[in-house]
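Trainee: Here is my input, please return the structure:
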Amino acid sequence: MIFIYADLLRIDPLAFLVFFGAVVVALLVGIAFHEFSHAYVADALGDPTPRLAGRVSLNPLAHLDPAGTLLLFLVGFGWGKPVPVNGHQLRNGERPGMAMVAAAGPLSNFLVAGLVGLPLKFGWVPWLPAFDAEAVRRFVLGSWSLSEHLGLFLSTIALVSIILGVFNLIPLFPLDGHRVVPIFLTEKAARTYVHFQLRYGMPILFLLLVLPFLTGGRFGPLFAVMRPVINFLARVFTGIDVDVFP
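Mentor: Take a look at the predicted model:
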């Protein structure tokens, strides 16, 4: 992701710091609150494992995985440190309990998007996400007000939170969605599904992630599925009347 702003660093170092800083803040907020929510719900359901591991915390350092964080900044894909959960200790049963713990992560991202989206929705600050080339151009060529700087950070946090939430709901291991699906299946079907996910989920996910790079951007089924959902949620949470990703 840092390569998006490589030219900006050469042209305008201040703009680079502002826009890349907005992305960093958005990722730290998104990942930390996502993983904290997993830990909090597991702890609330009776499993002390996350608390003993120091994960019921909003401190980003408790949740960042070094390799996953590095990849996030370099290529836009990465991961936080998985929260340890003992499903057998969840008071409402392993399958429904794990589904609730898993769903808490993406739902927390949508909660963040909804909260930081309020000033955008009411028109108090402008919609200026850090990935918008027009926003970069406006910053480099003109002077920005305090509300525009705030709009940049809130827009970026809202958009990154939506993307993280939607991405993690994809029902492929190791994403949260694969833990939610079994609650809707019979016991036998759930066992089959989990076995399939543990064996094939990650290779399928990896293939879907690299297909756009292998095909020069011509074939990206994962983003094609995510795009309309991201656009819809961005409109709902921020009140914008245009698609983020046309």
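
Trainee: which ones are touching the closest residue in space to Ala234 that isn't next to it in sequence?
Mentor: For Ala234, ignoring the flanking residues on the chain, the nearest one in space by Cβ to Cβ, 6 or more residues apart in numbering is Val244 at 4.8 Å. For every residue, glycine as well, the C-beta is placed using N, CA and C. By Cβ atoms under 8 Å, 6 or more residues apart in numbering, the contact list for Val244 reads 129, 159, 230-231, 234.

Trainee: And what about Val244, helix, strand or coil?
Mentor: coil (DSSP: H, G, I helix; E, B strand; the rest coil).

Trainee: related to what we said a few turns ago, got a winner among the contacts of Val244 for most neighbours?
Mentor: Leu159 (29 neighbours; other Cβ atoms under 10 Å).

Trainee: That one and Pro182, how far apart?
Mentor: Using Cβ to Cβ, to the nearest Å, Leu159 is found at 30 Å from Pro182.

Trainee: Can you list the residue ranges for helices in the chain?
Mentor: According to DSSP state H, the chain carries its helices in the segments 6-11, 13-44, 49-52, 66-75, 94-116, 118-121, 133-141, 146-168, 177-180, 187-196, 202-214, 221-238.

Trainee: Same question for the first one: list its buried residues.
Mentor: Neighbour-count burial for helix 6-11, counted by 16 or more other Cβ atoms under 10 Å, picks out Leu8.

Trainee: what's the offset of it from the middle of its chain?
Mentor: Mean-position distance between helix 6-11 and its chain equals 26 Å (Cα atoms, centre = their mean, to the nearest Å).

Trainee: Touching, Trp79 and Leu64? I think so.
Mentor: No: using Cβ atoms under 8 Å as the test, Trp79 is too far from Leu64 to be in contact (9.6 Å).

Trainee: When these two are compared, which one has more neighbours?
Mentor: Leu64 (20 against 17).

Trainee: What score does the residue nearest in space to the middle of the chain have for pLDDT?
Mentor: For the chain, the residue nearest the mean C-alpha position is Leu164 (1.5 Å; Cα atoms, centre = their mean). Looking at Leu164, its pLDDT is 92.

Trainee: which residues touch it?
Mentor: Leu164 touches 30-31, 34, 106, 109, counting by Cβ under 8 Å, 6+ apart.

Trainee: Please read off the pLDDT at the residue nearest to Ala102 when sequence neighbours are not counted from the model.
Mentor: Leaving aside its chain neighbours, Ala102 sits nearest to Arg179 (3.3 Å; criterion: Cβ to Cβ, 6+ apart). If you check Arg179, the pLDDT there is 96.

Trainee: Distance check, Arg179 against Glu187.
Mentor: 16 Å.

Trainee: the more surrounded of those two?
Mentor: Arg179 (25 against 9).

Trainee: and that one, what does it touch?
Mentor: Applying Cβ under 8 Å, 6+ apart, the residues near Arg179 are 98-99, 101-103.
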